[in-house]
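# Prediction below, plus the sequence it came from.
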Amino acid sequence: MTSLEVSEKTEDSGPGGYAAARLLLLHEKERSGPPRRAALARLTDDWLSGLFTAAGPPRGVALVAVGGYGRAELSPRSDLDLLLLHDGSADKAAIAALADRIWYPVWDLGLALDHSVRTPAEARATAAEDLKVHLGLLDARPLAGDHGLVAALRTTILADWRNQAPQRLPELDALCRDRAERMGELQFLLEPDLKEARGGLRDAQVLRAVAASWLADAPREGLDAARRRLLDVRDALHLTTGRATDRLALQEQDAVAAELGLLDADTLLREVYEAARTISYATDVTWREVNRVLKARSTRPRLRALLTGRAGSGRAGAGKPPVERTPLAEGVVEMDGEVVLARTARPERDPVLPLRAAAAAAQSALPISLHALRHLAATAKPLPVPWPAEAREELVTLLGAGEATVPVWEALEAEGLITRLLPDWERVRCRPQRNPVHTWTVDRHLVETAVRASSLTRRVGRPDLLLVAALLHDIGKGWPGDHSVAGETIARDLATRIGFDRADVGIVATAVRHHLLLVETATRRDLDDPATVRSVAAAVGTVGTLELLHALTEADALATGPAAWSSWRASLVSDLVKRVAGVLAGQTPPDPEAAAPSAEQERLAVEALRTGEPVLALHTSRAGEEPAAEHADPEEPEPVGVELVIALPDQPGVLPAVAGVLALHRLTVRAADLRAIELPTELGAGSVLVLDWRVAAEYGSLPQAHRLRADLVRALDGSLDIPARLAEREAAYPRRRGLTAPPPRVTVAAADSRLATVIEVRAQDAPGLLHRIGRALEGAAVRVRSAHVSTLGANAVDTLYVTRPDGSLLPDEEAIDLARTLESALR
């Protein structure tokens, strides 16, 4: 059906005809995007115009579309923003009756309506009081009635906007900043609000308003296409959900991608992020220009008065004072708060100039002017490969500038200069990261890691290699397979391109290949096992590479998000680094089998053997310190966890019982070490199991030790049904609609340990996960030597060191069968 036929059907059939025609239009597959939005606006115009005319309006009245409807950008579930404008000459009752005859048919169809009835004077007064109303009226469009009345209002509203711009634009800027603080940045959110998040449709509307003020204009390249893409995604979201929503929820993304004909949800998010990044960059540039112009306007009268006072009766204010240009680097100067090119700069002859300008801008914490960036993008001579030393040094200088690096890098990227310098960057640009632990897209995460690494450069002998490795450590994401393996190859190519020699290229490649080695080993492996330490030492090779990896590990985790780094993780990594450094220096790792129990462990074991019941001790551990008393001074270093030591006579079911009790008391397990102590005759003669746990409270304060002990006694004698209690708790927190966790995976890890067989469990984190693992292990008749728990977001990685009951390693077939048994139990 053509739009003309749809319109005729609407006129013939009234509201029912409009509803049918609207439904047909929204499901036309061959018409989508801007044509469909425009057609829907025309269809709605015709229907509302018919309602207005049929109501017999008096003279001096008009029906006006404002806001998004005024721009003829109707999405399937958009609100209808309508203003009934009248000149005040008609009877108020007649105007009210007219409004009812328009509003009620809209409500009867279930359409959302934002409506008002005003005279031009009232509309102008409301706009003066409410900035959002003023913005909506800038897009006023007549639908029916007195078009002259609407034209006069538009002229007045626009004149007010331009006259009041010096006062209203700072107010608008503050509103935008507050909204961005509340809603986040669209280009980084896994479930973004397409309208209200920074870089969304609301900001695109704001840029139109700023342009209408004649005070500043946004960079136009790509802006309309970005806005259209976000509108297309919102259309598809409305159609697939049947709801008036702007939030692109995870469970809706596959359907929205299919509606738009895209490959998958990741492709959808990447397009959304690219559009948002274009709008965000235009927003940054525009507000910077607005603030520059307003500052110049406020400064000029004071400067003129100052010059007049000095000149006496001479020619006051004749000519403008010269603009100061401060040199920053060769071919680069600062002018009016921005970095610009010097008059003598020759980009076509100076291939290092873009990097030199960027480094100077970042080191000075100044933005690069839009004109300078575009001039560089259009005329700069390409860098030779490999880069000259100066170019490499300027890149390192840029990366080492800290937080000021980010806006400069984003500006270079917006103008296409980054992918010209580093072609492999395109693969990670705007690439989403589905793991909720990550705050940023892949490319922004790489820049943030370099920012974090810049504060750690005093800890390494080669700060330049640290910064470049930080920038490249995840460059392999987006390629098939392990991103660390793919990244090693890409990093080797890029480091060679940047101009490092063969030895330095090897260090950068090693750092990228093993950038997860330290944190994964520290949190998932037994550091007392000499094989663990030796394997890390073999991978790292030198003390210099070890210190670089240590700093990179911390920078990477801090740039990932708050869940990726903690004092506990930092302490484990530092402990591992210390042990590996010893091996690299020629020391032999101590044999854990020869280690005697501590005095406390022996004391607790004697007490447990004497009473025949569990004995507990609770300590708070702090960064860089040995375990201290539980009630510590709040001014002391940050706690890294709580050490819980439990001793009890050796018996079946200990691991699942303890793990279950800890889960019931909302204690998160980070690590567990289990050892059997044979007490000599003089101490009682018997076998006691000592469990050393590292735990942390999920929230609130720690439970009291006597309550833990009481529940543990009940769990061991069977009077406390832990599985039932955990099931009740899980039922009280139903899973989020539409989210299905991937199945658990259990493998036998190749750890080369001579102490135990290493089993790795990857599963969805849930209360009592370690309890369920322990029950399955009890059924398999194996002994747990130690357990190491790592939780990132909703994902848990638990590593178990297990042996046969006699302490020997499991044969390969038994280990594989155990992994299958565990996986089946966890499903």
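Structure received.
# Pro805 against Val782, yeah?
Yes - judged on Cβ atoms under 8 Å, Pro805 makes contact with Val782 at a distance of 7.5 Å. C-beta coordinates here come from the backbone N, C-alpha and C atoms, glycine included.
# I'd guess Leu810 is in a helix, am I close?
No - counting by DSSP: H, G, I helix; E, B strand; the rest coil, Leu810 is not part of a helix but coil.
# Determine the longest helix present in this protein.
Counting residues, the longest helix found in the chain (DSSP state H) is helix 265-311.
# Give me the average confidence score over it.
For helix 265-311, the mean per-residue pLDDT is 83.
# before we move on, what about stretch 790-810?
So the average pLDDT for stretch 790-810 ends up being 85.
# in it, what's buried?
790-792, 795-803, 809-810 (16 or more other Cβ atoms under 10 Å).
# residues contacting the residue nearest in space to the middle of the chain?
Residue closest to the average C-alpha location in the chain (Cα atoms, centre = their mean): Thr439, at 2.4 Å. Contacts for Thr439 (Cβ atoms under 8 Å, 6 or more residues apart in numbering) come out as Phe188, His445, Glu448, Ala559, Thr560, Gly561.
# so the fourth one touches Glu448, yeah?
Yes - between Ala559 and Glu448 there is a contact under Cβ under 8 Å: 3.9 Å.
# Overlap in contacts, the two.
With Cβ under 8 Å, 6+ apart as the test, Ala559 and Glu448 both reach Thr439, Trp440.
# Neighbour count: these two, which is higher?
Ala559 (25 against 22; other Cβ atoms under 10 Å).
# Arg229 reaches Arg277, doesn't it?
No - using Cβ under 8 Å, Arg229 is not in contact with Arg277; the gap is 11.4 Å.
# Looking at the two, which has the bigger crowd around it?
Arg277 (25 against 20).
# that's a helix at Lys381, yeah?
No - assigned with three-state DSSP, Lys381 falls outside any helix and is coil.
# How much space separates the residue nearest to it when sequence neighbours are not counted from Trp425?
Ranked by Cβ to Cβ, 6 or more residues apart in numbering and with sequence neighbours excluded, the top spatial neighbour of Lys381 is Pro351, at 4.3 Å. Computed with Cβ to Cβ, to the nearest Å, the distance linking Pro351 and Trp425 is 18 Å.
# just Leu237 next, same as before
In terms of Cβ to Cβ, Leu237 sits 30 Å off from Trp425.
# of those two, who's got more company?
Leu237 (26 against 19).
# any idea how far Ala249 is from that one?
9 Å.
# One more: Thr419?
From Thr419 to Ala249 the distance is 31 Å (Cβ to Cβ).
# Settle it for me: which of those two has more neighbours?
For the pair Thr419 and Ala249, the greater number of neighbours falls to Ala249 (17 against 14), based on other Cβ under 10 Å.
# Tell me the helix or strand right after the worst-scoring helix or strand of the chain on mean pLDDT.
The helix or strand of the chain with the poorest confidence is helix 3-26; it has a mean of 67 (mean pLDDT, DSSP states H and E). Sequence order places helix 34-54 as the next helix or strand after helix 3-26, per DSSP states H and E.
# elements contacting that next one?
helix 3-26, strand 61-65, strand 80-86, helix 92-108, strand 141-145, helix 223-241 (3 or more Cβ pairs under 8 Å, 6 or more residues apart in numbering; DSSP states H and E).
# which one of those is the most hemmed in?
By mean neighbour count, with neighbours taken as mean count of other Cβ atoms under 10 Å, strand 61-65 ranks first of the helices and strands packed on helix 34-54 at a mean of 24.
# just checking, Gly768 touches Glu728?
No - using Cβ under 8 Å, Gly768 is not in contact with Glu728, being 11.1 Å away.
# Between those two, tell me which one has more neighbours.
Gly768 (22 against 10).
# mind checking pLDDT for that one?
87.
# how near is it to Arg785?
22 Å.
# same deal with Leu370?
Distance from Leu370 to Arg785, by Cβ to Cβ: 62 Å.
# cool, Asn163 as well?
Counting by Cβ to Cβ, the gap from Asn163 to Arg785 is 78 Å.
# Neighbour count for these two, which is higher?
Taking other Cβ under 10 Å, Asn163 and Arg785 do not tie; Arg785 has more neighbours (24 against 11).
# now the more buried one, what's its secondary structure?
Relying on three-state DSSP, one would call Arg785 strand.
# Check Glu171 too.
From three-state DSSP, the assignment for Glu171 is helix.
# Return the residues in contact with it.
Contacts of Glu171 by Cβ under 8 Å, 6+ apart are Leu131.
# From Ala165, how far out is it?
10 Å.
# before we move on, what about Pro327?
34 Å.
# ok, those two, which is more surrounded?
Ala165 (21 against 11).
# In this structure the more buried one contacts Ala211, no?
No - using Cβ under 8 Å, Ala165 is not in contact with Ala211; the gap is 11.1 Å.
# tell me which element Cys430 is part of?
Applying DSSP H and E, one finds Cys430 in no helix or strand.
# Kindly report the same for the one 10 residues further on.
Using DSSP H and E, Trp440 maps to neither a helix nor a strand.
# Low-confidence bits of this protein, can you list those?
1-15, 300-322, 593-595, 621-641, 681-685, 733-740, 793 (pLDDT under 70).
# and His788, what is it in contact with?
Applying Cβ under 8 Å, 6+ apart, the residues near His788 are Thr523, Arg524, Arg525, Asp526, Ala671, Ala672, Asp798, Thr799.
# So what does the third one have for phi and psi?
Backbone torsions for Arg525, taken as degrees, to the nearest 10, come to phi -130, psi 160.
# Now do the contacts for the nearest residue to it once chain neighbours are set aside.
Leaving aside its chain neighbours, Arg525 sits nearest to Thr532 (4.6 Å; criterion: Cβ to Cβ, 6+ apart). Residues near Thr532 by Cβ under 8 Å, 6+ apart: Thr521, Arg525, Asp526, Ala751, Ser753.
# of those residues, closest to Leu691?
Asp526 (14.6 Å; Cβ to Cβ).
# if we can go back for a sec, shared neighbours of Arg229 and Arg277, anything?
With Cβ under 8 Å, 6+ apart, Arg229 and Arg277 have no common neighbours.
# State the distance from the nearest residue to Leu189 once chain neighbours are set aside to Arg177.
Nearest in space to Leu189, with sequence neighbours left out and distances taken as Cβ to Cβ, 6+ apart, is Ala197 at 6.1 Å. Using Cβ to Cβ, one obtains 13 Å as the distance from Ala197 to Arg177.
# These two: which has the busier surroundings?
Ala197 (27 against 12).
# Does that one touch Leu186 like I think?
Yes - in this structure, Ala197 is within contact of Leu186 by Cβ under 8 Å, at 3.8 Å.
# list the contacts for the residue lying closest to Leu516 once chain neighbours are set aside?
For Leu516, ignoring the flanking residues on the chain, the nearest one in space by Cβ to Cβ, 6+ apart is Ser484 at 6.4 Å. Ser484 sits next to Gly476, Val512, Arg513, His514, His515, Leu516 when contact means Cβ under 8 Å, 6+ apart.
# next structured bit after the helix or strand hosting Ser484?
Using DSSP H and E, Ser484 falls within helix 483-498. Using DSSP H and E, the helix or strand that follows helix 483-498 in sequence is helix 502-513.
# Specify the angle between that next one and helix 483-498 in degrees.
150 degrees (axes from the mean of the first three to the mean of the last three Cα atoms, to 10 degrees).
# And the contacts of the helix or strand following helix 502-513?
Downstream of helix 502-513, the next assigned helix or strand under DSSP H and E is helix 517-524. Helix 517-524 is contacted from outside by 527, 532, 535-536, 539-540, 549-550, 553, 557, 569, 572-573, 575-577, 670, 760, 788-790, 797, 799, using Cβ under 8 Å, 6+ apart.
# Name only those of the residues you listed that count as buried.
Here, 16+ other Cβ under 10 Å leaves 527, 532, 535-536, 539-540, 549-550, 553, 557, 569, 572-573, 576-577, 670, 760, 788-790, 797, 799 buried among the contacts of helix 517-524.
# ok, back up a step: any chance of the contacts of Thr439 in JSON lines, plus secondary structure and distance to Arg497?
Listed next are the contacts of Thr439 as JSON lines, based on DSSP: H, G, I helix; E, B strand; the rest coil; distance: Cβ to Cβ, whole Å:
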{"residue": "Phe188", "secondary structure": "helix", "distance to Arg497": "28"}
{"residue": "His445", "secondary structure": "helix", "distance to Arg497": "21"}
{"residue": "Glu448", "secondary structure": "helix", "distance to Arg497": "23"}
{"residue": "Ala559", "secondary structure": "helix", "distance to Arg497": "24"}
{"residue": "Thr560", "secondary structure": "helix", "distance to Arg497": "27"}
{"residue": "Gly561", "secondary structure": "coil", "distance to Arg497": "30"}
